[in-house]
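In: quick check, what structure comes out for this input:
(3 chains)
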Amino acid sequence: MKRTDSLKMNYEFKRVYRKGSLKSGRYIVLYTLKNRYDNNRLGITTSKKVGKSVKRNRFRRIIKENYRLLELNVNTGYDLVFVARSVDKLPTFNELGKEMKYLLKNQGVL
RNA sequence: UGAGUAAGCCAGAUAGCCGCAUAUUAAGCCGUGAGGCUUGAUAUGAGGAAAGUCCGGGCUCCGCAGGGCAGGGUGCCGGGUAACUCCCGGUGAAGGUGACUUCAAGGAAAGUGCAACAGAAAUAUACCGCCCGGCACUUACACUUAGGUGCGCGUAAGCGCACACCUGGUAAGUGCCGGGUAAGGGUGGAAAGGUGAGGUAAGGGCUCACCAGCGGCAUGGCAACUUGCCGGUCUAUGUAAACCCCACCUGGAGCAACACCUCGUUUUGAACAUAUCGAUAGCCCGUCGGUUCGGAGGUGGCUUGAGUCCUUUAGAAAUAAUGGACCUAGAUAGAUGGCUGUCAAAUACAGAACCCGGCUUACAGGCUUACUCUUUAA
RNA sequence: GCCGGUGUGUUGGAAUUGGCAGACGAGACGGAUUCAAAAUCCGUUGUCCGCGAGGGCGUGUGGGUUCGAGUCCCACCACCGGCA
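Out: As a prediction, the model looks like this:
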């Protein structure tokens, strides 16, 4: 993804959790925090509560793909962290896309 | 046709567009540096269980193909394998009408421990019962029979009759004492072989027959073991997933191992001691040394391997060997996703993290082969 | 990824060598006391069946060894910790 780096280190995630603003949806929770760069930085968290590795991978990929499609419309200069919530049934690609758009608009990023 | 048993296979396919990772390559660029980045092209890109991490190896390091003990593992037999707690074949036992399936399946006469409660007694035991003997008492008996007493007959020896409230006797019963017994009773998971007959005071392998078991010999088999014959002071509770004995195997840690490099940090920060401490987790001996720990980043380790497919040969099989062809993920916050079309429908369990061989567990739907039972028909 | 550990009522935590599971606390409930409450004292408390006396099932789950398993063995499940 051209305009986006990824968050990697644990302390980076922690900073976003502590200082950023939070908005939760049905399937995911979004943390946003302004950063000092031109780019956005993206982090995805899927805990073991979500399920086994296949479920977690699937969740992450759906988030990643949805974000990729929205990327050009997103304002720059933010750190974004998506946290997958534990749900019985995984969302479909489109369901998650709608929710992500809503959350991003709500945070003024889109 | 229905029910079932065993072995094996598949695990959505395909076309287009966008997106991801790695390798190769071309061009351009960044960093003090080890090294890396961007763009384009081409190729490749999760599983039968990738899972659980339960075994076994390879590999790496630890002074470790130093010694001993302890500890741990395995446990019918033979074979296979790098190795195994795995696989194949066989033996035995158990289950099923059958195809077939299941089994931690060495030793309890080497020793030790344990066996609660119940029961008379739990590894040797006599509570009830049965039987024998003695003593005491009670009842009955006088046909057979020892005395005693009385009466009668007889000179006498003796004979006859009577008496059972004279001693004894016989039979039955009761009580006590001393023995015999392990058949029967009840308890228990288990009571010292089982069934039948003879025998006995009552009983008992006391004797005998058969069965089980043990020992010996022979037979077939490499062996486990099978089959047959003979024999006995006629018999030996269970537990070794209790200690243990026997046989065999076993050093420890793990790729977050480990190696190399760059930058930085300090030149001593911390810990332990100097007859102690460390080098491997437990001990002893031996050996070596003052020892151990400590920041950030990069690269290697990393995928050509007990490899995959096919052919042939050996073998009953597991498997092995020969020949040929092929190279088939390698990330490091961790790559497979989205949309559309077609296939009637596309749905289970589930995602590589050093690599292999197994085991175990999860699992939608479908296919193939061989075999068994039942019903009907021929 | 690798290594190690734990699992017993609502809860903390016992249970000797395999032999009556739940000792001892906490909490909850009921009763006594009080005008009422607190404190104190007494009792009940795993679950199901039964009016009751009693009975069945219960140590994460499922098997096995044993006469008998919380304890021994095997498999699985859940949770916790350590190692850059």
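
In: hey, what's the residue nearest the centre of chain A bridged with?
Out: With distances taken as Cα atoms, centre = their mean, the residue of chain A nearest its centroid is A:Phe82 (2.6 Å). Beta-bridge pairing for A:Phe82 (DSSP bridges): A:Leu30, A:Ile44.

In: check contacts around it.
Out: Shown in contact with A:Phe82 (Cβ atoms under 8 Å, 6 or more residues apart in numbering): A:28-30, A:42-45, A:63, A:67, A:100. The C-beta positions use only the backbone N, C-alpha and C, and glycine is treated the same way.

In: now these: which count as buried?
Out: Buried members of these, counted by 16 or more other Cβ atoms under 10 Å: A:28, A:30, A:42-45, A:63, A:67, A:100.

In: now for the helix or strand harbouring A:Lys98, which elements pack on it?
Out: For A:Lys98, the enclosing helix or strand under DSSP states H and E is helix A:93-106. Other helices and strands packing on helix A:93-106, by 3 or more Cβ pairs under 8 Å, 6 or more residues apart in numbering; DSSP states H and E, are strand A:28-34, helix A:53-70.

In: buried sites along it?
Out: Going by neighbour count (16+ other Cβ under 10 Å), the buried part of helix A:93-106 is A:96-97, A:99-100, A:103-104.

In: then stretch A:44-60?
Out: Buried residues in stretch A:44-60 (16+ other Cβ under 10 Å): A:44-46, A:50-51, A:56, A:58-60.
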